[in-house]
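**Student:** sequence first, then the predicted structure:
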Amino acid sequence: MSDSVKRPSVLLLVPISMLCTLVAVVFGRLAYGLVLPVMRETLGMSYSQAANLGTLTALGYLVLLLYAGVFAGRHGGKKSILLGLSLGAIGFAGLSQFSAYPLLMLCMTLLGFGTAFTFTPLISLLGAWYPERRGMVIGFAGSGVGTGILLAGALVPIITQSGDEASWRMIWASFAGIAVFVIVLVMVFLRDPPQYDEPVSMRQGLAIAYQNPHVVRMALIYGVVGVTYIVQTLFMYSFALDAGVAPPVAGRLVAVMGFVSIFSGPVWGWLADKVGHGRALTFCMSVAIFATLLPVVWPETWAFTVHFVLVGLSVTGLFTSVLAAATSTVKPQHAAMAVSFVTVFFALGQLIGPALAGLLIDWQQDFRLTFALSAALMFVGAVASHGSTAVARS
């Protein structure tokens, strides 16, 4: 970063990045599960139709991930983020008004598009402005997810408890209003870092990514994280119930995991900046492996308690370390493409993981083999991350 370029204050970048993550990831991807029960009931949708709406969001995100990286490289991260937030706002507004299933499908797809254009360009923009503190600023951005989950988890069920149609429509309308507010903040306060080279095409960007061994290594590790994280998210709660943990206790353990993750992201990011992203990633994966194996060996309440606490401590560190490492060996104008490239592997892992885990659980009628294999896969990722060094950009 040139000394002549005045960087925006971290105290300004961090809150804006957290709000962008809140809108794009929490409102755009995760909150649907909270709104779904009353929305499905009042619209008379089947569970299959409701699930397909969620799948469309995931596919919309995956389809445009790579193009979003190219767009940000060509036009700047700020324009990409504005486009993504605008697509999300339109989707939220549509969901607050429409009842026809095809229109709902369109709106949910727009939410996936919006996440793709917002999150990865945001990560690369943060890393470009503060390369020496990329782990910390990316960690703070990621903590917006934990904050948003806590807020949405507390407020959405209260608002929708009446069970009428107006309640869930008000939720989507509120999301749209917050998205517009964040758009204004981004327009006024966010700035693109300077670019010193010509932007690249998608083909050139892909070549830069897959010809960089470090980026490819991070992509494969992020794929492992995608598979194991989604399996933990979907099935560990059920595993706890199956092992005899009372539902209220299991629910509180999940809440504790979310709360802990809010603070662990920035801490892991700071640590990664000090000791190296590769070392931090290896340590994070080692903690996650231990956490996953505990209930496999001892399927008791205390083991599940330790599991959820340790996962809350480590999971955002995995995301932060991978994303920070992926951008550390490429030029600033290629960072968005690198983040998009590795995130494609993460998204594919999230598509593959539930299907494979579901087959194993149905076959065994037990969760332990699934999580033992998940821990083994994480061990492969930990080995791959061991000794991975991020070479400083010249």
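**Tutor:** Now that the structure is in, tell me what you want to look at.
**Student:** contacts for stretch 251-261, please.
**Tutor:** 143, 145-146, 149-150, 153, 237, 240, 245, 304-305, 308-309, 311-313, 315-316 (CB atoms under 8 Å, 6 or more residues apart in numbering). Where you see a C-beta, it was placed from the backbone N, CA and C, and this is true even at glycine.
**Student:** ah, wrong one, I meant stretch 354-364
**Tutor:** For stretch 354-364, the external contacting residues (CB under 8 Å, 6+ apart) are 227, 230-231, 234-235, 367, 369-370, 373-374.
**Student:** dump those residues into CSV; add distance to Ser124 as well.
**Tutor:** As requested, the contacts of stretch 354-364 are exported to CSV (distance: CB to CB, whole Å):
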residue, distance to Ser124
Val227, 24
Ile230, 24
Val231, 28
Leu234, 29
Phe235, 32
Phe367, 37
Leu369, 39
Thr370, 34
Leu373, 33
Ser374, 29
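**Student:** report the buried members of these.
**Tutor:** Among the contacts of stretch 354-364, those scoring as buried are 227, 230-231, 235, 367, 370, 373-374 (criterion: 16 or more other CB atoms under 10 Å).
**Student:** so which pair among those is furthest apart in space?
**Tutor:** Val227 and Phe367 (15.6 Å; CB to CB).
**Student:** beyond whatever helix or strand Ser17 lives in, next helix or strand please.
**Tutor:** Using DSSP states H and E, Ser17 falls within helix 10-21. Downstream of helix 10-21, the next assigned helix or strand under DSSP H and E is helix 32-43.
**Student:** do you know how far Glu285 is from Trp268?
**Tutor:** Not quite, residue 285 is Met, not Glu. Distance, Met285 to Trp268, using CB to CB, to the nearest Å: 12 Å.
**Student:** same deal with Ile138?
**Tutor:** For Ile138 relative to Trp268 (CB to CB), the value is 10 Å.
**Student:** need the residues touching each of the two.
**Tutor:** By CB under 8 Å, 6+ apart, the residues touching both Ile138 and Trp268 are Thr320.
**Student:** so which bits of the helix holding Ser17 are buried?
**Tutor:** Buried-residue list, helix 10-21, by 16+ other CB under 10 Å: 10, 13-14, 16-21.
**Student:** just the helices from the stretch 51-200 of the chain, written as ranges.
**Tutor:** 77-95, 101-129, 134-159, 165-189 (DSSP state H, counting those that start in this stretch).
**Student:** okay, these in TSV with distance to Gly223 and mean neighbour count next?
**Tutor:** Conversion of these to TSV gives the following (distance: least, CB to CB, whole Å; neighbours: other CB atoms under 10 Å):
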stretch	distance to Gly223	mean neighbour count
helix 77-95	23	24
helix 101-129	16	25
helix 134-159	18	22
helix 165-189	30	18
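**Student:** could the ones you listed go into JSON lines alongside distance to Gly349 and mean pLDDT?
**Tutor:** Below are the helices of the stretch 51-200 of the chain laid out as JSON lines (distance: least, CB to CB, whole Å; pLDDT from 0 to 100):
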{"stretch": "helix 77-95", "distance to Gly349": "22", "mean pLDDT": "96"}
{"stretch": "helix 101-129", "distance to Gly349": "16", "mean pLDDT": "90"}
{"stretch": "helix 134-159", "distance to Gly349": "17", "mean pLDDT": "78"}
{"stretch": "helix 165-189", "distance to Gly349": "27", "mean pLDDT": "94"}
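**Student:** wait, which of the ones you listed is closest to Gln49?
**Tutor:** Nearest of the helices of the stretch 51-200 of the chain (CB to CB): helix 101-129, 6.6 Å.
**Student:** that closest one vs helix 10-21, what angle?
**Tutor:** Calculated by axes from the mean of the first three to the mean of the last three CA atoms, to 10 degrees, helix 101-129 forms an angle of 160 degrees with helix 10-21.
**Student:** check which helices and strands helix 101-129 sits against.
**Tutor:** With contacts defined as 3 or more CB pairs under 8 Å, 6 or more residues apart in numbering; DSSP states H and E, the packing partners of helix 101-129 are helix 10-21, helix 47-75, helix 77-95, helix 134-159, helix 301-326, helix 335-364.
**Student:** which one, of the ones you listed, ends up nearest to Ala207?
**Tutor:** In terms of CB to CB, the element of those nearest to Ala207 is helix 335-364, at 9.9 Å.
**Student:** what angle do the closest one and helix 301-326 make?
**Tutor:** Using the same axes, to 10 degrees: helix 335-364 against helix 301-326 is 150 degrees.
**Student:** ok, Phe290 to Ala179 distance?
**Tutor:** Distance of Phe290 to Ala179, computed by CB to CB: 39 Å.
**Student:** also Trp302?
**Tutor:** In terms of CB to CB, Trp302 sits 42 Å off from Ala179.
**Student:** and the residue nearest to Met285 when sequence neighbours are not counted, what does it touch?
**Tutor:** Spatial nearest neighbour of Met285, excluding adjacent residues (CB to CB, 6 or more residues apart in numbering): Ala382 at 3.9 Å. Contacts for Ala382 (CB under 8 Å, 6+ apart) come out as 282, 285-286, 289.
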